[in-house]
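Asker: Have a look; sequence and predicted model below, questions after that.
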Amino acid sequence: MLKYLIQVVQNSLATAILLAAIFALVHKNGGSAWHKRISAESGAVAGAILALLLAFLKHTTVWINREYWNTGILSVSIVSCAAFIVFLWRSGTAVQPADTDADTDTDAGRRGFFAEPGGVFYRVSAAVLCASLVFYALPDIFLYPTEFVLRDESLFSTDFLFRLIGYSAGLLLVCLTGLALFKAGTDLPDRLRKPALVVGLGVNGIRQIAVIIQFLYARRMIPTSRFLFNILKNIINYNDFFLYALMAAALIFPLAAWTGSFARKEPGSNPAERRKIKAAARRKRRWSALIILGYLTAVFCLTVLKAYDRRDVVLSPAEPMDILGDTVVIPAGNISDGHLHRFIYTASDGTEVRFIVIKKNETTYGVGLDACDICGPTGYYERKDEVVCKLCDVVMNKSTIGFKGGCNPVPLAYTLESGAMVIQTGHLEDEKGRFK
């Protein structure tokens, strides 16, 4: 239950905050009816449809490599974000095109076409940005329900119900917080909305760039270095702080809306108008309170509940193995039960090199170091028939263990000889630096 509540909030709240801020800005600064056909809303819908298709293909085929897809999606998002920020700031000074006689002011209309809030380029960049944000965030959200029923487990089990409740609660929290931000943001002036949105997009852009660099680093597409590794490790370890920074940037929405609801207003000309003014002020305060409540709940989920759900996991002890000359020999009968087995080889300098073995099917094994290129030597453990990274809590696809990529264990070569697994000690010696 807690796992899916935390994951939904962690992986979708940032997108909800950005979409709410963009929608509030575009909604308030609307253009003509023709311009509205290309909008942030249509981009978000297109992104959701593409995300659903990608999730379906990932679940039913082996065609999708999410690392490559994510890199492409984030690259588009970064470019569209930069374009949107440029057009956003230009819109503040652009000459607005005339509505009644466009032919009499061609130059002003052209400038407005490119830059003003109803301009085509402005709305196209907003649509592409929203589409890429949604396209990146939603595939995993769509795929979570496919994990609710584990092997040999009933659809009507208590565990399934708890997972569904946690997942639904996370979606409800994210949607209500995003809706409240949108409602509060539509009444704010651009001088408050624009800086908050730009800061939020900048924070999100830094995180997106870090994800791309992380992929390139893991694939050895860029030179490896201890300095870069430490930066990526800190970004991963403190990933939630990007979300907190984004929440802080958007905090201006509820604070300004709450303060504005108490501002003195001209009294209405009749009791009905006065009631209407008071009702609008109450709505502002309610939306603001809902935002603060959503923020506090999200922080509680990502701190207290996350710490409780990820209580320190003790790695299973190392199992016995034989070292014959320059080879490690493990009887196949000891590792054929489909569960994770951990072994430790003591290198020539005394470093303990850990590696894991798990049988994937009748003929192949997943063999790798108890470490990965991203999270380092934190190790893996088994949780309800799943292999999980201890540091980032990512669940490994067993079929991919033994292959490079993502948070997978660093692959380790092996052979099967006379009913035993054989691993060269030289390969373990070469990797001892990972465990120092």
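Answerer: Now that the structure is in, tell me what you want to look at.

Asker: check contacts around N11.
Answerer: N11 makes contacts with A137, D140, I141, as judged by CB atoms under 8 Å, 6 or more residues apart in numbering. All C-beta atoms are positioned from the backbone trio N, CA, C, and that covers glycine.

Asker: swap in I236?
Answerer: Each residue near I236 by CB under 8 Å, 6+ apart is listed here: Q214, I374, C375, L391, C392.

Asker: tell me the secondary structure for the last one?
Answerer: Pointing back at C392 there. Of the three states, C392 takes coil under DSSP: H, G, I helix; E, B strand; the rest coil.

Asker: do you know how far it is from I85?
Answerer: Counting by CB to CB, to the nearest Å, the separation of C392 from I85 is 30 Å.

Asker: out of these two, which sits in the busier spot?
Answerer: Per other CB atoms under 10 Å, whichever of C392 and I85 has more neighbours is I85, with 18 against 15.

Asker: Please tell me how far that one sits from S261.
Answerer: Taking CB to CB as the criterion, I85 is separated from S261 by 30 Å.

Asker: for this structure, which strand is longest?
Answerer: In the chain, assigned by DSSP state E, the strand with the most residues is strand 352-359.

Asker: Okay, now the sheet partners of that strand, with direction.
Answerer: According to DSSP bridges, the neighbouring strands of strand 352-359, each with its direction, are strand 341-346 (antiparallel), strand 365-369 (antiparallel).

Asker: which of the residues in that strand are buried?
Answerer: By neighbour count, and taking 16 or more other CB atoms under 10 Å as the criterion, the buried residues in strand 352-359 are V353, R354, F355, I356, V357, I358, K359.

Asker: And stretch 409-428, by the same measure?
Answerer: P409, V410, P411, L412, Y414, A420, M421, I423, T425, H427, L428.

Asker: right, and the pair among those with maximum separation?
Answerer: Based on CB to CB, the longest span within these runs between V410 and A420 and measures 22.4 Å.

Asker: How about the contacts made by G350?
Answerer: For G350, counting by CB under 8 Å, 6+ apart, there are no contacting residues.

Asker: nearest residue to L74 other than its sequence neighbours?
Answerer: Excluding the flanking residues, the one nearest L74 by CB to CB, 6 or more residues apart in numbering is Q208, at 4.5 Å.

Asker: what about R285, how many neighbours?
Answerer: Using other CB under 10 Å as the criterion, R285 is surrounded by 16 other residues.

Asker: and what of F262?
Answerer: For F262, the tally of surrounding residues (other CB under 10 Å) stands at 10.

Asker: Same check on S348?
Answerer: That count, for S348 with other CB under 10 Å as the rule, works out to 8.

Asker: picking that back up, just the buried ones among the contacts of I236, please.
Answerer: Q214, I374, C375, L391.

Asker: Spit out the contact partners of the first one.
Answerer: So the one you mean is Q214. Listed by CB under 8 Å, 6+ apart, the contact set of Q214 reads L232, I235, I236, I374.

Asker: could you redo the last one with a cut-off of 7 Å?
Answerer: Under the criterion of CB atoms under 7 Å, 6 or more residues apart in numbering, the neighbours of Q214 are L232, I374.

Asker: do you know how far the residue nearest to L74 is from A289?
Answerer: 31 Å.

Asker: Please identify which of these two sits among more neighbours.
Answerer: Residue environment comparison for Q208 versus A289 gives the larger neighbour count to Q208, 23 against 14, counting by other CB under 10 Å.

Asker: wait, doesn't the more buried one sit right on S77?
Answerer: Yes. Under the criterion of CB atoms under 7 Å, Q208 is in contact with S77, at a separation of 6.0 Å.

Asker: ranges for the strands of the chain?
Answerer: If DSSP E is used as the criterion, the strands of the chain fall at 322-324, 327-331, 341-346, 352-359, 365-369, 380-383, 386-389, 395-396, 415-417, 420-424.

Asker: Would you mind writing the CA trace of the second one as PDB?
Answerer: Listed next in PDB are the C-alpha coordinates belonging to strand 327-331 (Å, rounded to 0.1, in the frame of the first residue of the first chain):
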ATOM      1  CA  THR A 327      38.100 -20.000 -10.800                       C
ATOM      2  CA  VAL A 328      35.100 -19.800  -8.500                       C
ATOM      3  CA  VAL A 329      33.000 -22.900  -8.700                       C
ATOM      4  CA  ILE A 330      29.400 -23.000  -7.400                       C
ATOM      5  CA  PRO A 331      27.400 -26.300  -7.700                       C
END
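
Asker: which parts of stretch 61-73 are buried?
Answerer: I64, R66, E67, W69, N70, T71, I73.

Asker: For burial, what's the neighbour tally of the residue nearest to the last one when sequence neighbours are not counted?
Answerer: Translated: I73. Counting by CB to CB, 6+ apart, I73 lies nearest to Y136, which is 4.7 Å off, once chain neighbours are set aside. Y136 is surrounded by 23 other residues when neighbours are defined as other CB under 10 Å.

Asker: who's in contact with Y136?
Answerer: Applying CB under 7 Å, 6+ apart, we find Y136 in contact with N70, I73, L74, S77.

Asker: Also Y414?
Answerer: With CB under 7 Å, 6+ apart as the criterion, the residues that contact Y414 are Y365, V367, M421, V422, I423.

Asker: coming back round to it: go through the buried residues of stretch 61-73 and name the one nearest L50.
Answerer: Of all those, I73 has the smallest distance to L50: 9.1 Å, by CB to CB.

Asker: how about low-confidence regions in the stretch 151-300 of the chain?
Answerer: Applying pLDDT under 70 to the predicted model, the residue ranges of the stretch 151-300 of the chain that meet it are 151-155, 263-269.
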